[in-house]
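In: structure for this input, please:
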Amino acid sequence: MQNGGYQLQMPTLTRINKIIIISYVALFVLDSIFSKAMGISLGAMFGLSGAKFFSGHIYQVITFPMIGTGLMEVVFNGLLFWLIGCELEVLWGERRYLLFLTATTLGSAFVFLIFSYFLKGAWIYPMLGMGGIVNALLLAYAILYPNRTFSFMLIFPVAAKYFCALIIFMQLYMGFFSSGAAVIWGQLGAMLFAFLFMLQQTKLSQKMRVNINDFNRERKKNKFTLIQGERDDENGDDHPPKYFQ
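Out: Here you go, the predicted structure:
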């Protein structure tokens, strides 16, 4: 996504993101077929709504991101998973990347359920799609690489930190003034948990560096040196003693 001469460089598609993108696209196609042919909506079954969640459909806190609501949304979010998600997966490894996705997904669901409980009419309105998780990826990327360049609307080059700030501002505006406010606050919840995840990872990294530095200092302090003793001619010892200090 770095825009050196307006050239878009696609990273290698990593394993976890390949599974996510293929599943995301496949479920969107199935949802389109089922809704047209049989009137069955996967969004109604797997999207997250407060009414169904508290009626026992707990699985929805995991399934809701995988149901896309439109072709352009699926294409855009799939590309961002490829462009940003793959780089983060390579940087963090599969385990930490999956932990990040899980934390932001559950965080998004948690915040959405809270707001849908208090906002009138939002109790039965479901949250669908990868919007919150993609925003969380953007936030993590902007923290790691604040000065890398994005193309806003694929035209205007913008530093990642400013692009992310713009996304947050737009989300806050819609959270206060749009009809689907609970969904918007749920997506902001994903960004909040992404920030907390990055903060925790930073603290762990700093702690590890401190422990490593302490360990190295202890090694230097307790370093043993091999000393050759003087030869004892009286005893006829041709092999001088050796000791450590």
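
In: can we go C-alpha only for contacts and neighbour counts from here?
Out: Will do.

In: gap between K36 and M191?
Out: Relative to M191, K36 is positioned 34 Å away (criterion: CA to CA, to the nearest Å).

In: more crowded one of the two?
Out: Counted by other CA atoms under 10 Å, K36 and M191 do not tie: M191 has more neighbours, with 26 against 11.

In: now the helices for the chain?
Out: For the chain, the helices defined by DSSP state H occupy 15-37, 42-46, 50-53, 60-63, 71-80, 86-92, 94-118, 131-144, 160-177, 181-221.

In: got the buried residues for the fifth one?
Out: This means helix 71-80. By neighbour count, with 16 or more other CA atoms under 10 Å as the criterion, the buried positions of helix 71-80 are 74, 77-78, 80.

In: make TSV out of the residues you listed and add distance to V90 and pLDDT.
Out: Conversion of those to TSV gives the following (distance: CA to CA, whole Å; pLDDT from 0 to 100):
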residue	distance to V90	pLDDT
V74	23	94
N77	19	93
G78	17	94
L80	15	91
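
In: and of the helices of the chain, who's closest to F150?
Out: With CA to CA as the measure, helix 160-177 is the member of these nearest F150 (5.9 Å).

In: pull out the buried positions in that closest one.
Out: 160-161, 163-164, 168, 171-172, 174-175.

In: now the residues you listed in JSON lines, with distance to I133 and pLDDT?
Out: What follows is those, written out as JSON lines (distance: CA to CA, whole Å; pLDDT from 0 to 100):
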{"residue": "A160", "distance to I133": "17", "pLDDT": "89"}
{"residue": "K161", "distance to I133": "17", "pLDDT": "90"}
{"residue": "F163", "distance to I133": "16", "pLDDT": "88"}
{"residue": "C164", "distance to I133": "13", "pLDDT": "90"}
{"residue": "I168", "distance to I133": "13", "pLDDT": "92"}
{"residue": "Q171", "distance to I133": "13", "pLDDT": "91"}
{"residue": "L172", "distance to I133": "16", "pLDDT": "91"}
{"residue": "M174", "distance to I133": "17", "pLDDT": "89"}
{"residue": "G175", "distance to I133": "17", "pLDDT": "86"}
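
In: any weak-confidence spans in the chain?
Out: Applying pLDDT under 70 to the chain picks out residues 1-9, 120-121, 151-155, 204-245.

In: could you rerun that using 80?
Out: Low-confidence segments of the chain, defined by pLDDT under 80, span residues 1-10, 119-124, 150-156, 178-180, 203-245.

In: related to what we said a few turns ago, so of the helices of the chain, which one's packed in deepest?
Out: Burial among the helices of the chain, expressed as mean neighbours by mean count of other CA atoms under 10 Å, is greatest for helix 131-144, which shows a mean of 22.

In: who touches that one?
Out: Surrounding helix 131-144, the residues in contact under the criterion CA atoms under 8 Å, 6 or more residues apart in numbering are 65, 77, 80-81, 84-85, 88, 101, 104-105, 108, 148, 160-161, 164, 167, 186-195, 198.

In: re earlier: how about a markdown table for the helices of the chain, with distance to Y125 added?
Out: Written out in a markdown table, the entries for the helices of the chain read as follows (distance: least, CA to CA, whole Å):
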| stretch | distance to Y125 |
| --- | --- |
| helix 15-37 | 18 |
| helix 42-46 | 10 |
| helix 50-53 | 8 |
| helix 60-63 | 13 |
| helix 71-80 | 19 |
| helix 86-92 | 32 |
| helix 94-118 | 8 |
| helix 131-144 | 16 |
| helix 160-177 | 15 |
| helix 181-221 | 9 |
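
In: quick check: E94 touching I16?
Out: Yes: with contact defined as CA atoms under 8 Å, E94 reaches I16; the gap is 7.0 Å.
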